[in-house]
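Participant: I'll drop the sequence and a predicted model, then ask my questions.
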Amino acid sequence: MQETEIEVNSFEETNELLEKLGFSYRSYQEKRREKYILNEHEIDIDTWPRLLPFIEIEGKDKNDIEKILSILGYSFKDTVSCTVDEIYKNIGLDINNMK
């Protein structure tokens with residue numbers, strides 16, 4: 001999945017700008033993210049409504065991620081690779097069809 005982030009000063013003004021550019025409102029998503037750096041790797045703890053918190057690890061490749069998992073006391077057998085949409089679908093919610 002490709003993501004792009006941009007910091008905005010006003011949620012409301014940004015929504016207004018996007019609507020003026022021709023985008024239409026689809027949904028509102030809310031999460032809390034705590035970011036940590038370990039050996040130049042970003043490790044995020046994400047908390048989404050109705051889900052248990054989970055860890056997201058950014059790495060150059062599988063071996064790189066495996067090293068960080070090991071430091072944290074985990075291995076690949078403890079992980080899943082999927083989108084938040086898929087996690088919600090596993091609990092019976094389709095967030096793409098919710099406002």
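Facilitator: Right, received. Where do you want to start?
Participant: Buried residues, stretch 55-72. List them.
Facilitator: Buried residues in stretch 55-72, defined by neighbour count with 16 or more other C-beta atoms under 10 Å: 55, 57, 65-66, 68-69. Yep, even glycine has a C-beta here, placed from its N, CA and C like the rest.
Participant: which of these sit farthest apart?
Facilitator: With C-beta to C-beta as the measure, no two of the buried residues of stretch 55-72 lie farther apart than 55 and 66, at 14.1 Å.
Participant: residue ranges with poor pLDDT in the protein?
Facilitator: Scanning the chain for pLDDT under 70 picks out the ranges 1, 99.
Participant: can you give me the strands for it?
Facilitator: 32-38, 41-47, 54-57 (DSSP state E).
Participant: In the second one, which residues are buried?
Facilitator: So that's strand 41-47. 41, 43, 46.
Participant: Need the buried residues of stretch 55-72 in JSON lines (columns: distance to residue 30).
Facilitator: Formatted as JSON lines, those follow (distance: C-beta to C-beta, whole Å):
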{"residue": "55", "distance to residue 30": "19"}
{"residue": "57", "distance to residue 30": "22"}
{"residue": "65", "distance to residue 30": "27"}
{"residue": "66", "distance to residue 30": "31"}
{"residue": "68", "distance to residue 30": "27"}
{"residue": "69", "distance to residue 30": "28"}
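Participant: quick one on the thing from earlier: compare the strands of the chain and report which one is nearest to residue 73.
Facilitator: strand 54-57 (11.3 Å).
Participant: In contact with the spatially closest residue to residue 41 that is not a sequence neighbour, which residues are there?
Facilitator: Closest residue to residue 41 apart from its sequence neighbours, by C-beta to C-beta, 6 or more residues apart in numbering: residue 68 at 5.3 Å. Taking C-beta atoms under 8 Å, 6 or more residues apart in numbering as the criterion, residue 68 is in contact with 38-39, 41, 43, 57, 59.
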